[in-house]
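need a structure here:
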Amino acid sequence: MKITKTFYLLLFLLIVSISALLLVIFYPNKSIAPSILPFVKSGQTVLTTTTAPAEISLVAVGDIMLSRQVGIKIRAIGNPNAPFLKTANILQKADIAFGNLESPFYNQGPPMTEGMVFKAEPETIEGLTYAGFDVLSLANNHFGNQGRAGMNYTFDLLSQNNIKYIGAGKNIPEANQPQIIEKNGIKFAFLAYCDIASTYTPDSYQATSDKAGLNPLIEENLIKDIKAAKKMADVVVVSLHWGTEYKTQASDRQKEIGHLAIDSGASLVLGHHPHVVESWEQYKDGYIFYSLGNFVFDQMWSEATRKGQIAKISFKGNKIEKVEVIPITIFDYYQPRPD
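Residues are numbered from 1 along each chain as shown. From the prediction side, this is the model:
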């Protein structure tokens, strides 16, 4: 059998490959000499492929109320999407869109047109799906306005429309469990709580072992829940219904709880309830928005209650890379528009 030059070349390459492999196995901390790799010249850089961290955008808005004057406007216009027409382009582009739903849905009784008891008509959920909301907090002082029947109706309607909800559930375990949303390989855990005392929320709105309700803010539970969620996800986001209505400065309690959430492992705290914008801050590696103000609401009686913020948070992997705040103003009792 005639042995060709090609055979010797292949044999040589095989020996070189085996030699290089043995060097890596037995001398892992030693560099491979250029003489062993004949196709790499001394001083030449060998390029390696690395995967860049995934980029994810999250947008968060303040209080959404689809009852009272907002509901009247929607019915007069005949378009449930109307409140979101000027902001949908921001919300829809985000990988994850979050808000605080301040009015439960219910299909019984006439529409609520005045007063402090809210009820969103079922068809108005079309606006939330049009805007692209992925997850909504229900942990607020108006969630129980239609009783436990309204709570259960809201759970079912949101689920039917593929919108996740946090901060409330059909019992205690469901009310305090996180919702996990995965985007580009990064898992986000969302939790929500209502500070019962500071928001004057009735105790009857709280979930029990066998009855629907919301998740109250208890510091020990907050710490425990965040740490548990951190084991399930790469990023933990906490929504807090807290503070004092119409106060533009966060209270000491808000700051203490916000810092506690970050210290416990959260990356982002999103605050609601004051109906006006409060400050936001970077604390360690996390960010705290003490109040994003109103988003869709009919409080036209002051400039402060007409103002709100869209928080746009850009992640690279599990780290916050950039924070942008887009101010909005509410017009004609129902529609927010970027300033």
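
can you mark which positions in the host helix or strand of Ser314 are buried?
Element membership of Ser314, judged by DSSP states H and E, is strand 307-316. Neighbour-count burial for strand 307-316, with 16 or more other Cβ atoms under 10 Å as criterion, is recorded at 307-315. Using the backbone N, CA and C atoms, a C-beta is placed for each residue, glycine as well.

now do stretch 78-88
Residues of stretch 78-88 classed as buried under the neighbour-count rule (16+ other Cβ under 10 Å) are 80-85, 87-88.

ok, and what's touching that stretch?
Residues from elsewhere that reach stretch 78-88, judged by Cβ atoms under 8 Å, 6 or more residues apart in numbering: 61, 66, 70, 73-74, 91, 123-128, 130-132, 296, 310, 328, 334-338.

so what does whichever helix or strand comes after the strand holding Ser314 touch, helix or strand wise?
Proceeding C-terminally, strand 307-316 gives way to strand 319-331 as the next helix or strand, assigned by DSSP H and E. If contacts are counted by 3 or more Cβ pairs under 8 Å, 6 or more residues apart in numbering; DSSP states H and E, strand 319-331 sits against strand 280-283, strand 286-289, strand 294-296, helix 303-306, strand 307-316, strand 335-338.

Pro173: which of the ones you listed is closest?
strand 286-289 (26.5 Å; Cβ to Cβ).

pairing partners for that closest one, with directions?
Strand pairing for strand 286-289, determined by DSSP bridges: strand 268-272 (parallel), strand 280-283 (antiparallel).

residues of that strand that come out buried?
For strand 286-289, burial by neighbour count (16+ other Cβ under 10 Å) applies to 286-289.

equivalent analysis for stretch 260-276, please.
Using 16+ other Cβ under 10 Å, the residues of stretch 260-276 that count as buried are 260-262, 264-276.

can you pull out the strands in the stretch 1-150 of the chain?
Listed in chain order, the strands found in the stretch 1-150 of the chain under DSSP state E, counting those that start in this stretch are 55-64, 96-101, 135-137.

any chance of these in a markdown table, with distance to Ile166 too?
Output for the strands of the stretch 1-150 of the chain, formatted as a markdown table (distance: least, Cβ to Cβ, whole Å):
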| stretch | distance to Ile166 |
| --- | --- |
| strand 55-64 | 12 |
| strand 96-101 | 9 |
| strand 135-137 | 5 |
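
could you export those strands as JSON lines, including mean neighbour count, distance to Ala189 and mean pLDDT?
Output for the strands of the stretch 1-150 of the chain, formatted as JSON lines (neighbours: other Cβ atoms under 10 Å; distance: least, Cβ to Cβ, whole Å; pLDDT from 0 to 100):
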{"stretch": "strand 55-64", "mean neighbour count": "24", "distance to Ala189": "12", "mean pLDDT": "98"}
{"stretch": "strand 96-101", "mean neighbour count": "26", "distance to Ala189": "12", "mean pLDDT": "98"}
{"stretch": "strand 135-137", "mean neighbour count": "26", "distance to Ala189": "10", "mean pLDDT": "98"}
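
out of these, the one nearest Ala228 is which?
Set against Ala228 and scored by Cβ to Cβ, those come closest in strand 135-137, at 18.0 Å.

direction included, what does the closest one pair against?
Using DSSP bridges, the strands paired with strand 135-137 are strand 96-101 (parallel), strand 164-166 (parallel).

distance from it to the middle of the chain?
For strand 135-137, the distance from its own C-alpha centre to the chain's C-alpha centre is 8 Å (Cα atoms, centre = their mean, to the nearest Å).

so what touches it?
For strand 135-137, with Cβ under 8 Å, 6+ apart as the criterion, the contacting residues are 64, 96-101, 128, 158, 163-167, 179, 181, 190, 192, 239, 241, 270, 272.

quick check: the two most widely separated of the buried residues of stretch 78-88?
The largest distance within the buried residues of stretch 78-88, taken as Cβ to Cβ, falls between Pro80 and Thr87 and amounts to 14.6 Å.

Ala192 and Ser239 touch, don't they?
Yes - in this structure, Ala192 is within contact of Ser239 by Cβ atoms under 8 Å, at 3.9 Å.
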